[in-house]
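Novice: Would you be able to build a 3D model of this:
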Amino acid sequence: MKKRKYFTLIELLVVIAIIAVLASMLLPSLGKARNMARKMTCFNNMKQVGSMVQFYITDFGDYLPSFTFNNYPTISGNNHPFLKLMNAGYYTSSFYYTVYSKNPNKFLFCPTTGKEFDEAPANTTSKPLDSGVISYSSYGIARRVLGPSMTTELNGGLPKISMYHYPSKAVMFLDAFIQTNDPGIGYPYFQFYNYSHWETDPLPRTAPRHSANSFNVIHLDGHTSEVFRRSYNYQVSDWTGMFPQNASQM
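Specialist: From the prediction side, this is the model:
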């Protein structure tokens, strides 16, 4: 009668140690792959929004879906870019009005929303607001391109795409924290005033979701890219090209 051969305790521990080593080698790679997949999903979300803006520009006589100046800071009615895109018929109201917790994969939100590398600063949050307020997106609106700052420069008029000399540079939407300083609404809204903010400030309103020093953006021509913050590699012309200071820099 043959004797059964069993694993000794030492052999079992060796097998467990080998499995642990293999797991430690594989997990970082799996984590990187998952983060890259989320980043690409974010890019795809932004491409959808960028395509909608291009449709809007074509359908509405070259005008951008910008804030209407005379009702700022209220974003009710037709004054808000995302709402304008919805009212134009480019996506359904379920994507705009459904609370994030019930539809976390809707394209208006980056899949890593709430998992930023930095903590949200005062008056902002990284997590969408579901209770009694609207969190329509985790993509912020560049104040100097689509926001009321540019309509002020144009004496209350809305900007047209043809006014911008370099639409491939100008940024209209980007990863941003959600502001909560208005008790009735939570919305992402990136404010930019001059290039020194990029060189010396920590950029608290931009949300680094895919790396510690970068965020995704949608440009006026519809393409998406990654912009690095806290970087000195950009020239002044690069910053003003992305976020014009006034109408003369459009």
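Novice: my guess is Leu83 meets Tyr96, correct?
Specialist: Yes. Between Leu83 and Tyr96 there is a contact at 6.9 Å, judged by CB atoms under 8 Å. No exception for glycine: its C-beta is placed from N, CA and C like everyone else's.
Novice: can you list residues touching both of these two?
Specialist: Tyr136 (CB atoms under 8 Å, 6 or more residues apart in numbering).
Novice: Bridge partners for the residue most central in space within the chain, pull those for me.
Specialist: Central residue of the chain (CA atoms, centre = their mean): Asp175, 2.2 Å from the mean position. Note on Asp175: beta-bridge partners by DSSP bridges are Tyr139.
Novice: and stretch 235-243, which residues are buried?
Specialist: Within stretch 235-243, the residues that count as buried by 16 or more other CB atoms under 10 Å are 239-243.
Novice: Phi first, then psi, for Phe117.
Specialist: Phi and psi for Phe117, reported as degrees, to the nearest 10, are phi -70, psi -30.
Novice: contacting residues around it?
Specialist: 208-209, 211-212.
Novice: sorry, back to before: right, and the residue nearest to the centre of the chain touches Ser211 too?
Specialist: No. Asp175 lies out of contact with Ser211 (CB under 8 Å); the separation is 10.7 Å.
Novice: which residues are common contacts for the two?
Specialist: Common neighbours of Asp175 and Ser211 (CB under 8 Å, 6+ apart) do not exist.
Novice: just checking, what packs against the helix ranked longest in the chain?
Specialist: Across the chain, the longest stretch assigned as helix under DSSP state H is helix 9-59. With contacts taken as 3 or more CB pairs under 8 Å, 6 or more residues apart in numbering; DSSP states H and E, helix 9-59 sits against helix 81-87, strand 139-142, strand 171-175, strand 214-219, strand 224-228.
Novice: Packing partners of the first one?
Specialist: Just to be clear, that refers to helix 81-87. helix 9-59, helix 93-97.
Novice: Which residues belonging to the shortest one are considered buried?
Specialist: Neighbour-count burial for helix 93-97 flags 95-96 (criterion: 16+ other CB under 10 Å).
Novice: same for the following helix or strand past it, what does it pack against?
Specialist: Under the assignment DSSP states H and E, the closest C-terminal helix or strand after helix 93-97 is strand 124-125. Applying 3+ CB pairs under 8 Å, 6+ apart, one finds that strand 124-125 contacts strand 178-179.
Novice: how far away is Pro208 from Ala247?
Specialist: 31 Å (CB to CB, to the nearest Å).
Novice: Comparing those two, which shows the higher neighbour count?
Specialist: Pro208 (19 against 14; other CB atoms under 10 Å).
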